[in-house]
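Asks: only geometry, no sequence info:
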């Protein structure tokens, strides 16, 4: 959950607790101040809000049950393990401000939701949690460049710790995603696939060509429609395909 959203939710709950305090009810100035803050934080439609919170609670209970029932011996090691990002509340103490350099060439920064250690072997596993629907293949490598966190986070974790990383994975940890787990083992094949994606991005930066070139149907799921504006897919069809050959070839890969 975004730190700002979490802080807002915590503050909203605290305001409601204070408003229910009889001592506050006798202090008109404090009551008015809390009332104004409550109006700012309160949801427009309380029933919708309560239903959503109840759904989150049900998903959270199921998520914890699945973690506790994992029979394979994985032990949580770090939460919100960041690299190349400034320290903030909620990040693991093992985080580092320095970026990570992959393959001696590519500088990355980010934050891993969960890193686990395998009890019997000591190898590591990194998990990126997702809250939406699972629209990825069961056994991807990079899914045409659309699924990058499992491999790139695995490579970054390997570089940070000097330890063997078994796999990265996506965990769609809500009922919307049916609690689907999508693992990507860190092998020579997947390692190469991840580096090839970085090479393509690097060439685009070097050539000054990072124009939008969405595939058909992609824009309906994108959170950055305001950046490209309307009709991005239609406009992409008018562009010279030869300039996007790297992207076209990448989309054909698993």
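Replies: Now that the structure is in, tell me what you want to look at. Predicted model, so just to flag it, every value in this text is computed and none were measured. Numbers count the residues shown, from 1 in each chain.

Asks: switch to C-alpha atoms for all contacts and neighbour counts from now on
Replies: Fine.

Asks: Wait, a helix at residue 80?
Replies: No: under DSSP: H, G, I helix; E, B strand; the rest coil, residue 80 sits outside any helix and is assigned strand.

Asks: Distance of residue 141 relative to residue 113?
Replies: According to Cα to Cα, to the nearest Å, residue 141 and residue 113 sit 20 Å apart.

Asks: again with residue 197
Replies: 22 Å.

Asks: repeat for residue 176
Replies: In terms of Cα to Cα, residue 176 sits 19 Å off from residue 113.

Asks: These two: which is more packed in?
Replies: Legend: neighbour count by other Cα atoms under 10 Å for residue 176 and residue 113, higher for residue 113 (17 against 14).

Asks: just how off-centre is stretch 171-181 within its chain?
Replies: Between the centre of stretch 171-181 and the centre of its chain there are 13 Å (Cα atoms, centre = their mean, to the nearest Å).

Asks: wait, residue 87 sits on residue 98?
Replies: No: taking contacts as Cα atoms under 8 Å, residue 87 lies outside contact range of residue 98: 10.8 Å.

Asks: Residue 171 looks like it's in a strand, true?
Replies: Yes: under three-state DSSP, residue 171 sits within a strand.

Asks: Got phi/psi on the residue nearest to it when sequence neighbours are not counted?
Replies: If the residues on either side of it in the chain are set aside, residue 171 comes closest to residue 181, at 4.5 Å by Cα to Cα, 6 or more residues apart in numbering. The phi/psi pair for residue 181 (degrees, to the nearest 10) reads phi -110, psi 130.

Asks: Is it correct that residue 181 is in contact with residue 172?
Replies: Yes: the criterion here is Cα under 8 Å, and residue 181 meets it with residue 172 at 6.3 Å.

Asks: what about the two, which has more around it?
Replies: Taking neighbours as other Cα under 10 Å, residue 181 and residue 172 compare with residue 172 leading, 22 against 19.

Asks: Any buried residues in the longest helix belonging to the chain, and which?
Replies: Longest helix in the chain by number of residues, with DSSP state H as the criterion: helix 46-68. Within helix 46-68, the residues that qualify as buried are 59, 62, 63, counting by 16 or more other Cα atoms under 10 Å.
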